[in-house]
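Q: Quick one, structure for this:
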Amino acid sequence: MFKEMQSKLKTVGIAPIFFIGSGISRRYINSPNWIGLLKEVVEDRDINFTKLVQKYTDSSNVVNNEQLAQELEDIYFDKLNDDEIEDGGNKPYYFRKKISNIIEKYLIENIDKLDNNTEIIEFKNTRPAAIITTNYDRLLENIYGNEYSVLIGQDSLLGSVLDGVGEIYKIHGCASSPNSIVITEKDYNNFFYKNKYLNAKLLTLFLEYPIIFMGYSISDRNIISILSTIFEMLSPEKVEELKSRIWFIQQGDQNKKTTVRINLNEGHYMDINSFVLSDYSKLYSAISDISIKKLPIKFLKFLKSNLYELIASQEYNPKLLDVNVRDLENINDFDEVSEFVGLTFSTEKRIAFCNNENLCKAFLQSDKLPYYIEKDLLNYRRNNIVPFYKFLANLTFEELMSYVKNDESRFYKNLLDDKFDYKIFIGKELKVNFNSKLTKRRLNEYANNFVEENGLQSNQMSSVIRYVILQLLNSNIANVIEPHFFIKDYSKEIVKVMTHLSDDFIRKNEFAIFKILNSLIIKDKSEHNFRYLLCHIDRAIYRNKIINN
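A: Presented below is the predicted three-dimensional model:
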């Protein structure tokens, strides 16, 4: 079924680019469709959602989701309670913050299932050259870990070099940065106004790489816009060549190969090879099974970064590339020469600071920083959920200004205006009162009895346990550290629960907090829940120190 695709990938000789839509998130983390998402946004408000949907439904029973979202943004702001108003907020922010919280909730509730999902296991092995997505959630970042850099929003893409090496392009924004989200008619009008520039950039990727569309319908406005622009810019021969390395994946009850017609603008169309699949793992396996020798994504990103810096500076720097400059001057035809450039590392010990794993390890170690602080720390923080206040707390004001090029307003905006909610969903709020000696048996007995006495579902036992943990932490955090079984058996739950500790509590119990953090049994210190916890702790303790200084 996939032999022709595999043959084409082998001929091209490079890994494909994935273009991923919301259908993939619905498949793996049960996230809602557009209407479902908007309904959840306003479900706790006094709004007749059904009436609003009908207002924007045409005679063909098609809903204009963009206009619906535009009106809901206004209504949602008007329905805000006084205690929900934040300093520096605005109407678009509150609407998108709610959307971000909903999107994050679906990821958190379903993330534990991903490890045992056979499709996800195969997905992780595919190693695409890059990913373009219109999804807001962080599913892809969790699947591929920190191997791929993340670029959020159209503006960041327009200001970057798109070369398809280990990057995730989130062209409609991300839940980690609510203001970046494209959701309303105004957002989309602005997006498509700039779209010709984005499409021109994407064209370079389409010309060089195989493309696989997943999670989209054939009538999706984004797909039509991109392919229409490309169709207009290419000769008929180039369009035919492009079509031979584009595949469209559709969900179905059976596995079959077919062709879909994408209706483009101005009456044009493209017939594209398609797979209708009930089991995506077969596709992922076919992609990862290509006998192309692949270099690790991390190495390619390292090489790309160093080469770019070397070319931009035009100065020889042995830290970047080890080149015999004298012999290099004598080379007339570089196509006839091999093995004259070699990679090397500086003799000076220099540990890369700006990656998730090292940031988390450094945060847990001590106040002394054995790491080299990269100048792009703030830019990295914008696109990654990582602790960073701690690494700036002991700097002088002049040193802080050097990170933002002496722009004091930018300093306050980027360092102090952090409204992101790091709380991990632990279940609907429960009022528990566990007053027995802490043992595993007594904890489970209490949770089981609580479920029965309060008429809860059996699957809510874990929520009861989480709220007991929160009670124990708040009442006497020192006692929680002692029982060996508690840290060993409940590390994942403790991580989630600690994101609900108040800032004041964290500051008053800083020593105990760090003792727990370093005792938790977490295999991957850059795992996303653990990073959320570290960011919560980081902001509570160290942002406050920066403010006080």
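
Q: How much space separates the most centrally placed residue in the chain from residue 476?
A: Geometric centre of the chain, nearest residue: residue 138, 3.2 Å, by CA atoms, centre = their mean. Plainly put, residue 138 is 35 Å away from residue 476 if you go by CB to CB, to the nearest Å. Quick note: C-beta positions are derived from backbone N, CA and C, even for glycine.

Q: in the stretch 351-500 of the chain, which spans are strands?
A: Using DSSP state E, counting those that start in this stretch, the stretch 351-500 of the chain contains no strands.

Q: where does it have low pLDDT?
A: Within the stretch 351-500 of the chain, the segments meeting pLDDT under 70 span 351-355, 366-383, 394, 397, 399-417, 481-484.

Q: which residues in it form helices?
A: 356-365, 377-383, 397-403, 408-411, 440-453, 461-475, 477-481, 484-489, 491-498 (DSSP state H, counting those that start in this stretch).

Q: quick one: which of those is nearest residue 183?
A: Among the helices of the stretch 351-500 of the chain, the nearest to residue 183 by CB to CB is helix 377-383 (19.5 Å).

Q: on that earlier part again, switch the helices of the stretch 351-500 of the chain over to TSV; also include distance to residue 212.
A: Output for those, formatted as TSV (distance: least, CB to CB, whole Å):
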stretch	distance to residue 212
helix 356-365	26
helix 377-383	24
helix 397-403	39
helix 408-411	39
helix 440-453	45
helix 461-475	37
helix 477-481	48
helix 484-489	41
helix 491-498	33
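
Q: Format the ones you listed as JSON lines; extra columns: mean neighbour count and distance to residue 528.
A: Formatted as JSON lines, the helices of the stretch 351-500 of the chain follow (neighbours: other CB atoms under 10 Å; distance: least, CB to CB, whole Å):
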{"stretch": "helix 356-365", "mean neighbour count": "19", "distance to residue 528": "9"}
{"stretch": "helix 377-383", "mean neighbour count": "17", "distance to residue 528": "14"}
{"stretch": "helix 397-403", "mean neighbour count": "13", "distance to residue 528": "25"}
{"stretch": "helix 408-411", "mean neighbour count": "13", "distance to residue 528": "27"}
{"stretch": "helix 440-453", "mean neighbour count": "14", "distance to residue 528": "26"}
{"stretch": "helix 461-475", "mean neighbour count": "19", "distance to residue 528": "18"}
{"stretch": "helix 477-481", "mean neighbour count": "15", "distance to residue 528": "23"}
{"stretch": "helix 484-489", "mean neighbour count": "14", "distance to residue 528": "20"}
{"stretch": "helix 491-498", "mean neighbour count": "20", "distance to residue 528": "10"}
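
Q: how near is the residue lying closest to residue 421 once chain neighbours are set aside to residue 384?
A: Once flanking residues are discounted, residue 421 sits nearest to residue 101: 6.3 Å by CB to CB, 6 or more residues apart in numbering. Here the criterion is CB to CB. By it, residue 101 lies 19 Å from residue 384.

Q: So between these two, which is more surrounded?
A: Ranked by neighbour count (other CB atoms under 10 Å), residue 101 and residue 384 place residue 384 first, with 21 against 16.

Q: Apart from its chain neighbours, what residue comes closest to the more buried one?
A: Once flanking residues are discounted, residue 384 sits nearest to residue 356: 6.3 Å by CB to CB, 6+ apart.

Q: so who does that neighbour touch?
A: The contact partners of residue 356, taken as CB atoms under 8 Å, 6 or more residues apart in numbering, are 145-146, 384, 386, 526, 531.

Q: any idea how far residue 473 is from it?
A: From residue 356 to residue 473 the distance is 26 Å (CB to CB).

Q: With residue 357 instead?
A: Residue 357 is 26 Å from residue 473, by CB to CB.

Q: Make sure I have this right: residue 72 is in a strand.
A: No. Looking at residue 72 with DSSP: H, G, I helix; E, B strand; the rest coil, it is helix, so not inside a strand.

Q: about what we covered before: let me know which of the helices of the stretch 351-500 of the chain is the nearest to residue 427.
A: Comparing the helices of the stretch 351-500 of the chain under CB to CB, the one sitting nearest is helix 461-475, at 2.8 Å.

Q: show me what contacts residue 135?
A: 20-22, 24-25, 170, 172, 215.

Q: do you know how far it is from residue 106?
A: Counting by CB to CB, the gap from residue 135 to residue 106 is 11 Å.

Q: And for residue 420?
A: Noted for residue 420: a distance of 17 Å to residue 106, by CB to CB.

Q: still on that earlier bit, which one of the helices of the stretch 351-500 of the chain lies nearest to residue 515?
A: helix 477-481 (5.9 Å).

Q: ok, of the contacts of residue 135, which one's closest to residue 111?
A: residue 25 (12.0 Å).

Q: how about the helices in the stretch 1-150 of the chain?
A: For the stretch 1-150 of the chain, the helices defined by DSSP H, counting those that start in this stretch cover 3-12, 22-29, 34-41, 49-55, 65-78, 91-114, 118-124, 139-144.

Q: quick revisit: the residue nearest to the centre of the chain is in contact with residue 175, isn't it?
A: Yes. Residue 138 sits in contact with residue 175 when judged by CB atoms under 8 Å, with a separation of 6.5 Å.

Q: shared neighbours of the two, anything?
A: residue 104.

Q: which strands and helices sit next to the helix or strand encompassing residue 518?
A: Using DSSP states H and E, residue 518 falls within helix 510-519. Identification of packing neighbours for helix 510-519 by 3 or more CB pairs under 8 Å, 6 or more residues apart in numbering; DSSP states H and E yields helix 356-365, helix 477-481, helix 491-498, helix 528-538.
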